[in-house]
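Chemist: the following block contains a protein sequence and its predicted model.
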Amino acid sequence: MATITYLTTIEFGAGALKTLPEQLAALGVKRPLVVSDRGLERTGLVGTVLALCPPGAVAFLDVPTNPTESATHAALEVYRQNKCDGVVAAGGGSPIDLAKGVALLATHDEPLERLAAIHGGIARITPAVSPVIAVPTTAGTGSEVGRAALITLDDGRKLGFISPYLIPKRAICDPELTLGLPPFLTAATGLDALSHCVETFLSPRYNPPAEAIALDGLGRIWRNIEKAVAAGGDIDARTEMMMGALQGGLTFQKGLGAVHALSHALGGLKEPSLHHGTLNAILLPPVIRFNEGYVGDKMERIKEAMGLAPIADVASAFETLNRRLGIPAGLKTLKVPADKLNWVVERALADHSHATNPRPATALDYRRMLDEVMV
C-alpha cells in the first residue's frame with residue numbers, strides 16, 4: 001500500500017501575491033506574523049506584504065541563513081506577545097522553514113527536539129499547527145508545499161521536522177517576486193530545486209504520481225535555468241523555474257537521499273555558513289555515480305526528461321551545468337574544514353533523508369563522496 005496526498009491550495013502565476021488578503025480571510029487569520037528577512041525588507045517586499053495583511057500584522061525579520069532553534073524562539077516570542085493567530089512566510093526556504101517552526105511551537109509542547117522526525121516527532125505533531133501561508137521569492141526549496149522544516153538546534157544538529165500538518169495551508173507562487181534575484185542565487189536555488197526532482201524520483205518509495213511530477217519538474221528546470229540566470233527579467237523562464245521548484249516540493253513525500261543527508265549535515269556546521277542549494281549542486285554528481293546501477297531504468301528516464309542522448313552520462317551533465325553556472329568547484333573552495341568530515345558523516349547517517357537513498361550508504365561511502373568533492 002502507498003499513501004499519496006496532495007492537500008494544499010496553490011495560487012500560481014504572475015500577480016498572485018494580490019490574493020493574500022483573501023487567503024488570510026479564508027483561513028480566518030486576523031493577526032498574522034510576517035516572517036521574512038532584512039534583504040527583502042530593503043527591496044520593499046516586506047512592506048508590500050504587510051500592507052496586504054490586516055492592521056494587526058507584525059513582522060519578524062532576523063532570519064539566519066539556516067533557520068535555528070534560537071531564532072525560532074525569538075520569532076515565537078513576537079508571535080505570542082502580539083497574540084498572532086497565523087504566519088505569513090515571505091522569502092526563500094529559510095523564512096518558510098522558520099515560520100513552520102513558529103507555527104509548530106505555538107501549538108505544541110517543547111522542547112523542540114522531541115518534535116523532530118528522528119526522535120519520533122512525526123506522531124507527536126497534531127492538526128493544531130497554526131496556519132501558514134508561504135510566499136516563495138526564490139525558485140528553489142519547494143518548502144512552500146513541503147511537509148518538512150529543517151532547523152538547526154542550539155547544539156548544532158540540523159534536524160527535520162516532518163508532518164502533513166506542516167504543509168502551508170496556502171502557497172502563493174508569484175514568479176514576479178523572483179525577477180530581482182541575482183544570477184548566482186538564481187543558479188544555486190534553481191539547482192536546489194533540480195536536486196529535489198532528481199532525488200525524489202530516484203527514491204525507492206512507490207509513488208508513480210510523484211515520479212511523474214518530479215520528471216516534469218526536472219525537464220522544466222533543465223531547459224530554463226540558464227535562461228533565468230542570463231536574463232533575470234525573462235518572466236517566462238522565471239515562471240517555468242518556479243513551477244519546477246514547486247513540483248520538486250510536491251514530490252518530497254517520496255523522500256530524498258544521500259545528497260540531502262550530506263547537505264543537511266554540512267548545513268549544521270557553525271562555520272562556515274553554507275548555502276543549501278550550492279551544497280546540493282556540488283554533491284549531486286558523486287551521489288548520482290554512487291546510485292547508478294541501483295535504480296533500474298530510472299537513469300534512462302532522467303536522460304529522456306532532460307533531452308540527453310542515451311549514451312550521455314548524467315553525473316557529467318550536472319557537473320558541466322555547475323561549471324557553466326559558476327557553482328564553486330567543491331567543499332574546499334567553500335572552506336569546509338577537512339577535520340569536520342567525520343562529524344558530517346555521522347550526522348548524514350542520522351539524517352531522515354539517509355533512509356530513502358536507493359543504494360544503502362555506509363560511513364565509508366559517505367566519506368568517499370565527500371572526499372570526491374573536497375576540491
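Modeler: Yes, it's here.
Chemist: ok now whichever helix or strand Glu226 is part of, how far from the chain's centre?
Modeler: Per DSSP states H and E: Glu226 is located in helix 208-230. Chain-centre distance of helix 208-230: 15 Å, with C-alpha atoms, centre = their mean, to the nearest Å.
Chemist: just the CA atoms of the helix or strand just after it, as CSV, please.
Modeler: Downstream of helix 208-230, the first helix or strand assigned by DSSP H and E is helix 235-250. The C-alpha trace of helix 235-250 is given here as CSV (Å, rounded to 0.1, in the frame of the first residue of the first chain):
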residue,chain,number,x,y,z
ILE,A,235,9.2,36.2,-16.9
ASP,A,236,8.6,33.0,-19.0
ALA,A,237,11.8,31.4,-17.8
ARG,A,238,11.1,32.6,-14.2
THR,A,239,7.7,31.1,-14.4
GLU,A,240,9.0,27.7,-15.6
MET,A,241,11.6,27.8,-12.8
MET,A,242,9.0,28.5,-10.2
MET,A,243,6.8,25.7,-11.4
GLY,A,244,9.8,23.3,-11.5
ALA,A,245,10.6,24.2,-7.9
LEU,A,246,7.0,23.8,-6.9
GLN,A,247,7.0,20.4,-8.5
GLY,A,248,10.1,19.4,-6.6
GLY,A,249,8.4,20.3,-3.4
LEU,A,250,5.2,18.3,-4.3
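Chemist: report the buried residues of helix 235-250.
Modeler: Neighbour counts using 16 or more other C-beta atoms under 10 Å place 237-250 of helix 235-250 among the buried residues. (C-beta placed from N, C-alpha, C; glycine too.)
Chemist: redo those as a markdown table? Include distance to Cys53 and pLDDT.
Modeler: Formatted as a markdown table, the buried residues of helix 235-250 follow (distance: C-beta to C-beta, whole Å; pLDDT from 0 to 100):
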| residue | distance to Cys53 | pLDDT |
| --- | --- | --- |
| Ala237 | 30 | 98 |
| Arg238 | 25 | 97 |
| Thr239 | 25 | 96 |
| Glu240 | 29 | 97 |
| Met241 | 27 | 98 |
| Met242 | 22 | 96 |
| Met243 | 26 | 96 |
| Gly244 | 29 | 97 |
| Ala245 | 24 | 96 |
| Leu246 | 23 | 95 |
| Gln247 | 28 | 96 |
| Gly248 | 28 | 96 |
| Gly249 | 24 | 95 |
| Leu250 | 27 | 94 |
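Chemist: what's the helix holding Glu226 in contact with?
Modeler: Residues outside helix 208-230 that contact it (C-beta atoms under 8 Å, 6 or more residues apart in numbering): 4, 6, 139, 183, 186-187, 190-191, 193-194, 196-198, 200-201, 234, 237-238, 240-241, 243-248, 250-251, 253-254, 301-302, 305-307, 321, 324-325.
Chemist: and stretch 115-123, what's buried?
Modeler: 115-118, 121-122.
Chemist: ok, stretch 266-284 next?
Modeler: 266-269, 274-284.
Chemist: ok, now stretch 165-172?
Modeler: 165-172.
Chemist: now intersect those with the strands, please.
Modeler: Among these, DSSP state E puts 170-172 in strands.
Chemist: ok, now which ones touch the residue nearest the centre of the chain?
Modeler: For the chain, Thr141 is the residue whose C-alpha lies nearest the centre (C-alpha atoms, centre = their mean; 2.7 Å). By C-beta under 8 Å, 6+ apart, the residues touching Thr141 are 92-93, 96-97, 189, 192-193, 245, 249, 276-277.
Chemist: let's see it at 10 Å
Modeler: Thr141 is in contact with 91-94, 96-97, 134, 150, 189, 192-193, 196, 245, 248-249, 276-277, counting by C-beta atoms under 10 Å, 6 or more residues apart in numbering.
Chemist: so which of the buried residues of stretch 165-172 is the closest to Leu52?
Modeler: Distance to Leu52, by C-beta to C-beta, is smallest for Ile172 among the buried residues of stretch 165-172, at 10.0 Å.
Chemist: which residues does that closest one form beta bridges with?
Modeler: Ile172 forms beta bridges with Glu11, as assigned by DSSP bridges.
Chemist: that one contacts Leu17, correct?
Modeler: Yes: counting by C-beta atoms under 10 Å, Ile172 does reach Leu17; the two are 5.9 Å apart.
Chemist: shared neighbours, the two?
Modeler: 11, 49, 90, 135.
Chemist: and Ala90, helix, strand or coil?
Modeler: strand (DSSP: H, G, I helix; E, B strand; the rest coil).
Chemist: count the neighbours of Pro204 for me.
Modeler: For Pro204, the neighbour count with other C-beta atoms under 10 Å is 15.
Chemist: what of Gly13?
Modeler: Neighbours of Gly13 under the rule other C-beta under 10 Å: 15.
Chemist: same check, this time on Ser353
Modeler: Residues near Ser353, counting by other C-beta under 10 Å: 22.
Chemist: same question for the one 10 residues further on.
Modeler: Neighbouring residues of Ala363 were enumerated by other C-beta under 10 Å; the total is 12.
Chemist: now for it: which residues touch it?
Modeler: Contacts for Ala363 (C-beta under 10 Å, 6+ apart) come out as 342, 345-346, 348-349.
Chemist: same thing but at 6 Å, please
Modeler: Ala363 makes contacts with Val345, as judged by C-beta atoms under 6 Å, 6 or more residues apart in numbering.
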